[in-house]
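>>> Quick one, fold the following:
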Amino acid sequence: MIVIPLSSGYAFQRFRIQLGSHYLVFRLRWLTRFEYFCVDILENGNPVVLGRALHPDVNLLAGLNTDIGALYLRGDSPTVSNLGVNNKLEWIADE
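Below is the predicted model of the structure:
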């Protein structure tokens, strides 16, 4: 398991991270109207997932035909002010 660092205080975030053999770009956008973060994940410029909601204990990669593994937000429901403070994003490799 690897904890992916997240920053609080930003309604939009973009970062790159290597998870196993996968080099991924994450984009997080805060949707004020619905009060949750929307997540896009890309690999080599190609979408892995677009527009998934970031909710606690839900695998962001569930139902996808990929060998990336699993991504879970653990802790409190994320907001702009508590993202990465009261919660963390965990990657679990495919077994």
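>>> Is the most centrally placed residue in the chain bridged to anything, and to what?
Computing the C-alpha centroid of the chain and ranking residues by C-alpha atoms, centre = their mean puts Val39 first, at 5.9 Å. Applying DSSP bridges to Val39 gives these bridge partners: Leu28, Arg52.
>>> List the residues that contact it.
Phe26, Arg27, Leu28, Val49, Gly51, Arg52, Ala53, Leu54, Leu60 (C-beta atoms under 8 Å, 6 or more residues apart in numbering). C-betas here are computed from N, CA, C, even on glycine.
>>> Just give me the closest of those residues to Asn87.
Closest to Asn87 out of the contacts of Val39 is Leu54 (9.1 Å), distances taken as C-beta to C-beta.
>>> Tell me how far the closest one lies from Val48.
15 Å (C-beta to C-beta, to the nearest Å).
>>> do the same with Ile41
4 Å.
>>> same check, this time on Leu64
Here the criterion is C-beta to C-beta. By it, Leu64 lies 7 Å from Val48.
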